[in-house]
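**Q** Following is a predicted model, sequence given first.
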Amino acid sequence: MKNIVLVGFMGTGKTTIATQLANRLNMRYVSTDGLIEKREKRTINEIFTKSGEDYFRDVESDVIREVSGMEGLVIDTGGGVVMREENLANLKSTGVVICLTADEETIMERTKKYKHRPLLNVEDPKLKIRTLLAKRAPFYAKADHCIDTGKLTIRQVVEKIVEIAKQ
């Protein structure tokens, strides 16, 4: 089976959905952020703080190239992975790319209690969410499919993706 790749903004449910989906389809779950942290031996937050976003994005692209060469995976990507065309091309080469979406209120609600989100560690996180969503929207639109997770249960989202994967 082709890889199933979940892209989308933080707080849209990528990790939760990916783990459930992997269990449901008996596929291997892979988190690109998890692989980056393992490779770098530090958290995403530390990488952003000490080495900067450009360095992080370079490492992320390397990891995307690696996982794109594998099969039978449910891949949970970081929210900004789509900002580099090469990442999307690599992910599409062996998988179906599904963008999970939610409105900014839902994202704010889902992310407000997490301090490990480096891009939201700012004075006005709501404005940052709005700005980043607008900047990334054209890139997210390049996914093969989009699912709004804002008003759906985890199970409903998983079932929609299972249907897409069967096509």
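**A** Right, received. Where do you want to start?

**Q** which stretches of the chain form helices?
**A** Along the chain, the segments classed as helices by DSSP state H run 14-25, 32-40, 44-51, 53-68, 85-94, 104-111, 125-140, 154-166.

**Q** quick one: the helix or strand of the chain with the lowest mean pLDDT to chain centroid distance?
**A** When each helix and strand of the chain is scored by mean pLDDT, DSSP states H and E, helix 104-111 comes last, with a mean of 86. Here helix 104-111 is found 15 Å from its chain centre; the criterion is CA atoms, centre = their mean, to the nearest Å.

**Q** Where does pLDDT dip in the protein?
**A** 114-121 (pLDDT under 70).

**Q** Need the outlier residue of it, farthest from its centre.
**A** E123 (23.9 Å; CA atoms, centre = their mean).

**Q** rewinding a little: and the least confident helix or strand of the chain, which residues are buried?
**A** E104, T106, I107, M108, R110, T111 (16 or more other CB atoms under 10 Å). From N, CA and C alone the C-beta is placed, and that goes for glycine too.

**Q** Roughly how far does the residue nearest the centre of the chain sit from T153?
**A** Taking CA atoms, centre = their mean, the centroid of the chain lies closest to T77, which sits 3.3 Å from it. In this view, T77 and T153 are 22 Å apart by CB to CB, to the nearest Å.

**Q** May I have the beta-bridge partners of the closest residue to Y140 other than its chain neighbours?
**A** Once flanking residues are discounted, Y140 sits nearest to C99: 4.7 Å by CB to CB, 6 or more residues apart in numbering. Partner residues in beta bridges with C99, using DSSP bridges, are V7, C146.

**Q** Double-check C99 against V7; I have them as touching.
**A** Yes - judged on CB atoms under 8 Å, C99 makes contact with V7 at a distance of 5.1 Å.

**Q** Now do the shared contacts for these two.
**A** The contact sets of C99 and V7 overlap at V82, Y140, A143 (CB atoms under 8 Å, 6 or more residues apart in numbering).

**Q** which one of the residues you listed sits closest to N23?
**A** Distance to N23, by CB to CB, is smallest for A143 among these, at 22.5 Å.

**Q** For E104, which non-adjacent residue is closest in space?
**A** I129 (5.1 Å).

**Q** How many residues are close by the spatially closest residue to S68 that is not a sequence neighbour?
**A** Nearest non-adjacent residue to S68, counting by CB to CB, 6+ apart: N90, 4.0 Å away. Neighbour count for N90, taken as other CB atoms under 10 Å: 20.

**Q** follow-up on the earlier one: can you add distance to K2 and give the helices of the chain back as a markdown table?
**A** A markdown table is the format used below for the helices of the chain (distance: least, CB to CB, whole Å):
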| stretch | distance to K2 |
| --- | --- |
| helix 14-25 | 11 |
| helix 32-40 | 17 |
| helix 44-51 | 27 |
| helix 53-68 | 11 |
| helix 85-94 | 6 |
| helix 104-111 | 28 |
| helix 125-140 | 20 |
| helix 154-166 | 8 |
